[in-house]
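Colleague: 3D model of this:
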Amino acid sequence: AGLLATLAVVGSGIVLVRMLFFEQIQVLAWAPWLLGAIDATVAAPVGRRGRPVAGVAVVTAALAIAGHPQITYILLPLAVVWAAARAVDHGGPRAWRRLLPVAGGGLLGVLLAAPQLLPTLELATRSANTDGRDAATVGNPGFAVQLARLPGTWFGDPLQRLHPITTGGYENLTFVGVVATVAGLVAVVGFRHQIWRATVLLLAAVVTGSLLLAAGPRLPFYRLAADVVPGFGQARVPARWSLDAVIATGILAAYGLERLRTGPLGRAATAMVWGTCALGAAVVAVGPFDRPPGATLALWAGLAADRKSTRLNSSHV
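Modeller: Below is the predicted model:
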């Protein structure tokens, strides 16, 4: 499960492209540590939260000064949703009590990073982009996920020699692959444990929401956020919001694979997985998308149906 999550996230197009930008990959490198520290803090019993809270503080400070404000900004909503979901799954009706140590650790981390952040904020007030980016810059098709090319952007085309051709640019390379997507679907429809119920549902919402933002100002969702959310309009590349979708899918894929390992899905869940895959295939084939090559469609279908990759076979019914 851990290997699948790692391959899905680190091997995704959006993360591999970040390898070319040292100041961006530095921030991303702290993301799993932050999620892990938050989870450890939420799960820790009262009286044993000192080390996890310190971990949240140190990682928050490191992430805040790692080098790229937009990537930090993008990861914050994911961290907030993750903290809320894990608190609900661990704490039930009193989940808010488990969030207090996380909030304290985050605040302590901001204070640790303050000697660097305060001068940065002061200099930012003198920037030419103080009022945000103009729509023409943000609306560049190469800077956003193009909905017409969404299947190729999300699944990737292993048969394509130049991957930016599939997505319309190098900034919007998003792909996480078919296997991780199907495993994530298993997590959504087949979750069993109470301790993951809210997490699975909220991570699925993160995938949807971040992809809508990654589409840029063509959708009112992005324009509304730019008008309402402080600092949102500073971004130059909307497609980078797909980072949250990729990380959330990696976590869902890991849980989905673990779910298959621990027991059968059951008839209803198995039927839902296969039905959703069939519906998705039909939408890709006849929907309003740029049609991928036939060989690519066949490869996607084969990967989705591969027993070794998804372990969805008759023994799980």
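
Colleague: where exactly do the helices run in the stretch 51-200 of the chain?
Modeller: 69-91, 95-124, 135-138, 150-155, 163-167, 178-190, 197-214 (DSSP state H, counting those that start in this stretch).

Colleague: Residue 264 is nearest to which of the ones you listed?
Modeller: Among the helices of the stretch 51-200 of the chain, helix 178-190 comes nearest to residue 264, with 9.3 Å by CB to CB. To be clear about C-beta, it is placed using only N, CA and C from the backbone, and glycine gets the same treatment.

Colleague: which residues sit against the closest one?
Modeller: 4, 7-8, 154-155, 196, 200-201, 204, 207, 249-250, 252-257, 259-260, 265-266, 269, 272-273, 276-277, 300, 303-304, 306, 309-310, 312 (CB atoms under 8 Å, 6 or more residues apart in numbering).

Colleague: of those residues, buried ones?
Modeller: 4, 7-8, 154-155, 196, 200, 204, 207, 249-250, 252-257, 259-260, 265, 269, 272-273, 277, 300, 303-304, 309-310, 312 (16 or more other CB atoms under 10 Å).

Colleague: Among these, name the ones in helices.
Modeller: Among those, DSSP state H puts 4, 7-8, 154-155, 200, 204, 207, 249-250, 252-257, 259-260, 269, 272-273, 277, 300, 303-304, 309-310 in helices.

Colleague: any idea how far residue 93 is from the closest residue to residue 117 other than its chain neighbours?
Modeller: With sequence-adjacent residues excluded and distances taken as CB to CB, 6 or more residues apart in numbering, residue 117 is closest to residue 64, at 6.2 Å. Distance of residue 64 to residue 93, computed by CB to CB, to the nearest Å: 32 Å.

Colleague: The two: which is more packed in?
Modeller: residue 64 (21 against 7; other CB atoms under 10 Å).

Colleague: residues contacting that one?
Modeller: 72, 109-110, 113, 116-117.

Colleague: In the stretch 101-250 of the chain, where is pLDDT below threshold?
Modeller: Within the stretch 101-250 of the chain, no range satisfies pLDDT under 70.

Colleague: ok so, going back, top of the contacts of residue 64 by number of neighbours, please.
Modeller: If you rank these by neighbour count (other CB under 10 Å), residue 109 sits at the top with 25 neighbours.

Colleague: can you pull the contacts of the residue nearest to residue 145 when sequence neighbours are not counted?
Modeller: Nearest residue to residue 145, sequence neighbours excluded (CB to CB, 6+ apart): residue 214, at 4.2 Å. Taking CB under 8 Å, 6+ apart as the criterion, residue 214 is in contact with 144-145, 172, 174, 238-242, 245.

Colleague: what do you get if the cut-off is 6 Å, keeping everything else the same?
Modeller: 145, 238-239, 241-242 (CB atoms under 6 Å, 6 or more residues apart in numbering).

Colleague: Also residue 161?
Modeller: By CB under 6 Å, 6+ apart, residue 161 has no neighbours at all.

Colleague: What of the one 5 residues further on?
Modeller: Remark: with contacts taken as CB under 6 Å, 6+ apart, residue 166 is in contact with 152, 157, 160.

Colleague: Could you check how many residues crowd around the last one?
Modeller: Translated: residue 160. 15.

Colleague: Please renumber the chain so that the first residue is 746 from this point on.
Modeller: Taking 746 as the first residue, the last one we looked at is residue 905.

Colleague: Would you mind measuring from the closest residue to it other than its chain neighbours to residue 894?
Modeller: Closest residue to residue 905 apart from its sequence neighbours, by CB to CB, 6+ apart: residue 911 at 5.1 Å. According to CB to CB, residue 911 stands 7 Å off from residue 894.

Colleague: Please apply the same query to residue 798.
Modeller: For residue 798 relative to residue 894 (CB to CB), the value is 43 Å.

Colleague: Residue 956 too?
Modeller: For residue 956 relative to residue 894 (CB to CB), the value is 13 Å.

Colleague: what about the two, which has more around it?
Modeller: Shown here are residue 956 and residue 894; by other CB under 10 Å, residue 956 has more neighbours (23 against 20).

Colleague: List the contacts of the more buried one.
Modeller: Taking CB under 6 Å, 6+ apart as the test, what residue 956 contacts is residue 990.

Colleague: one more time with 10 Å
Modeller: 890, 892, 895, 898-899, 919, 964, 966, 984, 986-987, 989-991 (CB atoms under 10 Å, 6 or more residues apart in numbering).

Colleague: And for residue 861?
Modeller: Here residue 861 is in contact with 806, 809-810 (CB under 10 Å, 6+ apart).

Colleague: Let's see that with 7 Å instead.
Modeller: When contacts are counted by CB atoms under 7 Å, 6 or more residues apart in numbering, residue 861 touches residue 810.
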